[in-house]
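[1] predicted coordinates and the sequence they were generated for:
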Amino acid sequence: MENIETLGSLRERLNGTSLVEDNISFGGCQMSYRLQSRGGIAANIRRIAEKQEEHLKERRQLRRETREITKTLKRLPVRGSFSSRGGRDV
């Protein structure tokens, strides 16, 4: 139990490293963890935000106005007026 290390202390130790493998033996099995430094995560978040912004720009260009869509929709047939409900009290 002397080798216990928290994720925060491991990240501090790695600070500049972009990728580290840590092998831990656990009851006859071996587990491997690959950790990225915070710089890699920040770059990934920045890249995702840029992709999302680019996607939104494309969507705005391609989006049609709702008025054009409603013009093409077929109106449903109406029997009688809805205001009077055919004289019945509903």
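    Yes, it's here. Numbers count the residues shown, from 1 in each chain.

[2] alpha carbons of stretch 43-60, as CSV, please.
    Provided in CSV are the C-alpha atoms of stretch 43-60 (Å, rounded to 0.1, in the frame of the first residue of the first chain):
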residue,chain,number,x,y,z
ALA,A,43,-6.4,21.1,-26.8
ASN,A,44,-9.1,18.4,-27.3
ILE,A,45,-11.7,20.6,-25.7
ARG,A,46,-10.7,23.5,-27.9
ARG,A,47,-10.8,21.4,-31.0
ILE,A,48,-14.3,20.1,-30.1
ALA,A,49,-15.5,23.7,-29.6
GLU,A,50,-14.1,24.8,-32.9
LYS,A,51,-15.8,21.9,-34.7
GLN,A,52,-19.1,22.8,-33.0
GLU,A,53,-18.8,26.4,-34.0
GLU,A,54,-18.0,25.4,-37.6
HIS,A,55,-21.0,23.0,-37.6
LEU,A,56,-23.3,25.8,-36.3
LYS,A,57,-22.2,28.1,-39.1
GLU,A,58,-22.9,25.4,-41.7
ARG,A,59,-26.4,24.8,-40.2
ARG,A,60,-27.2,28.5,-40.3
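
[3] need the helix or strand of the protein with the lowest average pLDDT.
    Within the chain, no helix or strand scores below strand 19-26, which has a mean of 63 by mean pLDDT, DSSP states H and E.

[4] ranges for the helices of the chain?
    Assigned by DSSP state H, the chain shows helices spanning 7-14, 38-62, 66-72.

[5] pipe these into CSV and attach mean pLDDT, distance to Ser32 and mean neighbour count per row.
    From N, CA and C alone the C-beta is placed, and that goes for glycine too. Listed next are these as CSV, based on pLDDT from 0 to 100; distance: least, Cβ to Cβ, whole Å; neighbours: other Cβ atoms under 10 Å:
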stretch, mean pLDDT, distance to Ser32, mean neighbour count
helix 7-14, 72, 14, 12
helix 38-62, 85, 18, 10
helix 66-72, 77, 52, 8
